[in-house]
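Participant: Pasting the sequence and the predicted coordinates here, then a few questions.
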Amino acid sequence: MSDIVLSVEVRERTGTGGARETRRNGFVPGVLYGGDQGPVAIALKDNEVVKAINSGKFLAQMITIDHKGEKQSVLTRDVQFHPVRDEPVHIDFQRVDESTVITVEVTVQFHNDEKSPGLKRGGVLNVVRHAIEVDVPAGSIPDQIDVDLSGYDIGDSVHISSVTLPEGVTPSITDRDFTIATIQSSRASRASEDEEGEDTEETEAEGDEE
């Protein structure tokens, strides 16, 4: 769980006019929904939101919002940015608790390149999925999913079935063993293979001459 805590205020005015007024006052408008309560229009301090976003833990991590001492665990579901200034202009939060199973995308991190025969021979890692959509309790969202490339050769594919997921984490796609990455040949690896082939042919030719 993230250690981010954001103070919020309840917005009285909603709609486009209310949102513009909120921004003029140095706040970011947002909506809180989910659970057994109805949606609530809220406002968050602009500088606190920017700091939270820059921390790298604002998205796909459970955070806390604080309204006059009353705290609520939430998940950031959507952040809209200004098309020119790249500033947050609206945020959607979903109410959750640590046991709530949610669907999120988690970044994939590849390890042990040096233990991949294919990459050692000049092959190239072709990443099919930079993130994997998983079902996970809101309080146990992993920072990343680790993929071990040990033993993979040129032409091999890394499927989700070969990845050890953290406890409680399951892929959202269950109807197929989808591909995360492949090891492809490169110009350098093909040249190396061609040279090996030429060396073999020359050795065989010398043997024939003898």
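Facilitator: Received it, and whenever you're ready, just let me know what you need.
Participant: mind checking which helix or strand of this structure has the lowest mean pLDDT?
Facilitator: helix 187-209 (a mean of 56; mean pLDDT, DSSP states H and E).
Participant: tell me which residues in stretch 116-129 are buried?
Facilitator: For stretch 116-129, the neighbour count (16 or more other Cβ atoms under 10 Å) marks 116, 118-119, 121-123, 125, 129 as buried. The way it works is simple: take the backbone N, C-alpha and C, and place the C-beta from them, glycine included.
Participant: before we move on, what about stretch 149-165?
Facilitator: 149, 152, 154, 156-158, 160, 165.
Participant: I'd like those residues laid out as JSON lines, including secondary structure.
Facilitator: Listed next are the buried residues of stretch 149-165 as JSON lines, based on DSSP: H, G, I helix; E, B strand; the rest coil:
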{"residue": "L149", "secondary structure": "coil"}
{"residue": "Y152", "secondary structure": "coil"}
{"residue": "I154", "secondary structure": "coil"}
{"residue": "D156", "secondary structure": "coil"}
{"residue": "S157", "secondary structure": "strand"}
{"residue": "V158", "secondary structure": "strand"}
{"residue": "I160", "secondary structure": "helix"}
{"residue": "L165", "secondary structure": "coil"}
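Participant: what's the closest non-adjacent residue to A131?
Facilitator: E105 (4.3 Å; Cβ to Cβ, 6 or more residues apart in numbering).
Participant: Does the one you found touch R129 like I think?
Facilitator: No. Using Cβ atoms under 8 Å, E105 makes no contact with R129, being 9.4 Å away.
Participant: Wasn't S161 part of a helix?
Facilitator: Yes. Counting by three-state DSSP, S161 falls inside a helix.
Participant: Give me the secondary structure label for D177.
Facilitator: Per three-state DSSP, D177 ends up coil.
Participant: Could you check how many residues crowd around it?
Facilitator: By other Cβ atoms under 10 Å, 12 other residues sit near D177.
Participant: wait, what's in contact with it?
Facilitator: 159-161 (Cβ atoms under 8 Å, 6 or more residues apart in numbering).
Participant: Tell me the one among those nearest to T76.
Facilitator: I160 (25.4 Å; Cβ to Cβ).
Participant: Please report how far that closest one lies from R85.
Facilitator: According to Cβ to Cβ, to the nearest Å, I160 stands 39 Å off from R85.
Participant: Same check on V40?
Facilitator: Taken as Cβ to Cβ, the span from V40 to R85 is 27 Å.
Participant: More neighbours: which of those two?
Facilitator: V40 (16 against 8).
Participant: Good, we can wrap up now.
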